[in-house]
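S.K.: Give me the fold of what follows.
(one chain, ligands or ions: 3)
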Amino acid sequence: MAQVDRRQFLGRGAAALLSFTSPLDRDAAAHSVPEFRVPLPIPRVLQPERSDSSADYYRIVQREAFTEILPGIRTRIWGYNGSFPGPTIEARRGRTTVVTQTNQLGVPTVVHLHGGVTRSEFDGFPTDTVAPGDSRAHQYDNSGRAATLWYHDHSWRSSGLNQYMGLAGFYLLKEDSDIEERLPHGQYDVPLMIQDRTFTSDGQLEYDHQRHHGVTGRVVLVNGAPWPVMEVAARRYRFRILNASNSNALRLALSSHQPLVLIATDQGFLPKPVVVSTVGLVPGERIELVVDFSVYPIGSQIVLQSRRAGGLAGPVMRFDVVRAARGDTSVPDRLTEFEPLRRSLATRTRTFVFSAKPTVAAPPGVRWDINGQFFDPLRVDADPRLGDIEVWRFINRGFLGQTMLHPVHTHLVSFQVLTRNGREPLRQERGWKDTVAIDDGEEVEVIMRWSGYRGRYLLHCHNVEHEDHSMMARVDVV
Ligand code: C2O
Ligand code: CU
Ligand code: CU
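M.R.: Ligands and ions are numbered 1, 2, ... in the order given. Below you'll find the model as predicted:
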């Protein structure tokens, strides 16, 4: 049986001496969150308000709410329909989804569907904000691959705070197929949104972007619950894992050392399953894996951990194997057709250097740039032609000790990783992606076809504080 040490979360200073006592002791509770005590919540699947032959229509209200994240404490959040995370939207390939978003918050907001092939006017450009009290209908054609997408705030200079306060939710783009049937499905197909948060002594969300380096949290939330526990049957499960942290990277592994069977990345199935002992997951990235709990005796406890040096290190959540089950699923050897895009087809190569400049302030801060420039919504930084194939080189160049990971994300299109530091991409990267880790000093080449729509899109770092200040470039598809 896998044995796990129960570890108490320790807060700062004197609070570190307190252990979890009673929910009424608010300070102690906020600083000493119990691990593996709260059951894993699954975000509710949103029901359409109405449907017709080609589309489903949803309504979401962005509003402030008080919700129990830490046991016994009410925390003020900003949520889609007041929930943290937001409700899950399930979409079908080829069927249109229309989501009308009403902003009932006190600040302007704008919603982006991460990973979606979306018309420019619905994509959530950072200056296309909706004023408090107003609404906007976003039409999603769902023409992309079946994959685990997510929607989140994208407001210029405040998406970090807005996402931190809770404005993020899953958007599962699904498609029926034999492969989907053979894999664990229904209640055994579970989305996991991992986020880190810091709480004030009275249990409220504390946003400190650390002079634009990125906010990091001391409490790990999965689907909005601290270090939750999920009771599982001794059978296979499919997990769709999203790192929705603002800036912290993860490296996931199981405490039992069971190898991870990866089946999908950002933009859907890998060509074939990839077996690894640990898997990296940077902000914005998704990975799907199948875990077979039938190898454990009933009563086993398996901890999902993160072991990222310079990122999140420690437990994430726990799986308790509580009942027997019949294994009626399998992991097919081939998951999807995958046609590599050949470099010789590219009409152009563009280079983007991700770096930083110090700001004149005391203490000095930092502003993040791409090719030496800060985001300007009126300046076009790249203008690929619709239909063209291009190679984009992403280079992470540190500056005066400002060396940080940059998770690079493209809107509208997905890409294939061609090379990582002149060599083969990581095994987890051998599929269609929309977000890629560029660590300090690294150089990654990706190739993409600019299909979909003409219009105004983005390339940016998905460390949301870097994105806000100002590591973002405007991409116009012409
Ligand atoms: Cu997940 Cu431009 O964002
Ligand atoms: Cu996106
Ligand atoms: Cu960055």
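
S.K.: Now do the contacts for the spatially closest residue to residue 328 that is not a sequence neighbour.
M.R.: Using CB to CB, 6 or more residues apart in numbering and skipping residues adjacent in sequence, the residue nearest residue 328 is residue 235, 8.0 Å away. All C-beta atoms are positioned from the backbone trio N, CA, C, and that covers glycine. The contact partners of residue 235, taken as CB atoms under 8 Å, 6 or more residues apart in numbering, are 184, 188, 292, 293, 294, 325, 326, 327, 328, 329.

S.K.: Ok, residue 417 next?
M.R.: 425, 426, 429, 430, 433, 436, 444, 445, 446.

S.K.: quick check, nearest of these to ligand 2?
M.R.: residue 433 (11.8 Å; CB to the ion).

S.K.: Disregarding flanking residues, what is the spatial nearest neighbour of that closest one?
M.R.: Using CB to CB, 6+ apart, the nearest residue to residue 433 is residue 266, at 4.5 Å.

S.K.: Now render the contacts of residue 417 as a markdown table, adding distance to residue 93, neighbour count and pLDDT.
M.R.: A markdown table is the format used below for the contacts of residue 417 (distance: CB to CB, whole Å; neighbours: other CB atoms under 10 Å; pLDDT from 0 to 100):
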| residue | distance to residue 93 | neighbour count | pLDDT |
| --- | --- | --- | --- |
| 425 | 26 | 19 | 98 |
| 426 | 27 | 16 | 97 |
| 429 | 23 | 23 | 97 |
| 430 | 22 | 19 | 96 |
| 433 | 18 | 24 | 98 |
| 436 | 24 | 27 | 98 |
| 444 | 28 | 24 | 98 |
| 445 | 29 | 21 | 98 |
| 446 | 24 | 25 | 99 |
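
S.K.: What about those residues, which are in strands?
M.R.: 436, 444, 445, 446 (DSSP state E).

S.K.: if we can go back for a sec, isn't the residue nearest to residue 433 right up against residue 414?
M.R.: Yes. Here residue 266 reaches residue 414: they are 6.9 Å apart, a contact under CB atoms under 8 Å.

S.K.: mind listing what the residue in the stretch 301-450 of the chain that ligand 2 sits nearest to touches?
M.R.: Nearest to ligand 2 in the stretch 301-450 of the chain, going by CB to the ion, is residue 411, at a distance of 4.8 Å. Residue 411 makes contacts with 112, 118, 123, 457, 458, 459, 475, as judged by CB under 8 Å, 6+ apart.

S.K.: element containing the fifth one?
M.R.: Read that as residue 458. strand 455-461 (DSSP states H and E).

S.K.: What average pLDDT does whatever helix or strand comes next after that strand get?
M.R.: Next in sequence after strand 455-461, counting helices and strands by DSSP H and E, comes helix 464-468. Helix 464-468 shows a mean pLDDT of 97.

S.K.: what's the answer for stretch 221-229, then?
M.R.: So the average pLDDT for stretch 221-229 ends up being 98.

S.K.: Show me which residues of that stretch are buried.
M.R.: For stretch 221-229, burial by neighbour count (16 or more other CB atoms under 10 Å) applies to 221, 222, 223, 224, 225, 226, 227, 228, 229.

S.K.: Repeat that for stretch 126-141.
M.R.: 126, 128, 129, 130, 136, 138, 139, 140, 141.

S.K.: now do stretch 357-368
M.R.: 365, 366, 367, 368.

S.K.: Nearest to ligand 1, out of the residues you listed: which one, please.
M.R.: Closest approach to ligand 1 among those (CB to the nearest ligand atom): residue 368, at 14.5 Å.

S.K.: what do residue 266 and residue 414 both touch?
M.R.: Jointly contacting residue 266 and residue 414 under the rule CB under 8 Å, 6+ apart are 115, 432, 433, 434.

S.K.: I figured the third one was touching residue 267, is that so?
M.R.: What that stands for is residue 433. Yes. Residue 433 lies in contact with residue 267 (CB under 8 Å); the separation is 6.0 Å.

S.K.: Dump the buried residues of stretch 357-368 to TSV, plus secondary structure, pLDDT and distance to ligand 3.
M.R.: As requested, the buried residues of stretch 357-368 are exported to TSV (DSSP: H, G, I helix; E, B strand; the rest coil; pLDDT from 0 to 100; distance: CB to the ion, whole Å):
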residue	secondary structure	pLDDT	distance to ligand 3
365	strand	79	14
366	strand	86	10
367	strand	91	11
368	strand	95	6
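
S.K.: Just give me the closest of the residues you listed to residue 278.
M.R.: Distance to residue 278 across these (CB to CB) is lowest for residue 368, with 27.6 Å.

S.K.: Give the bridge partners for the closest one, please.
M.R.: In this entry, residue 368 is beta-bridged to residue 356, by DSSP bridges.

S.K.: How about residue 275?
M.R.: Residue 275 has these beta-bridge partners by DSSP bridges: residue 261.

S.K.: Show the contacting residues for it.
M.R.: Contact analysis of residue 275 by CB under 8 Å, 6+ apart lists 259, 260, 261, 262.
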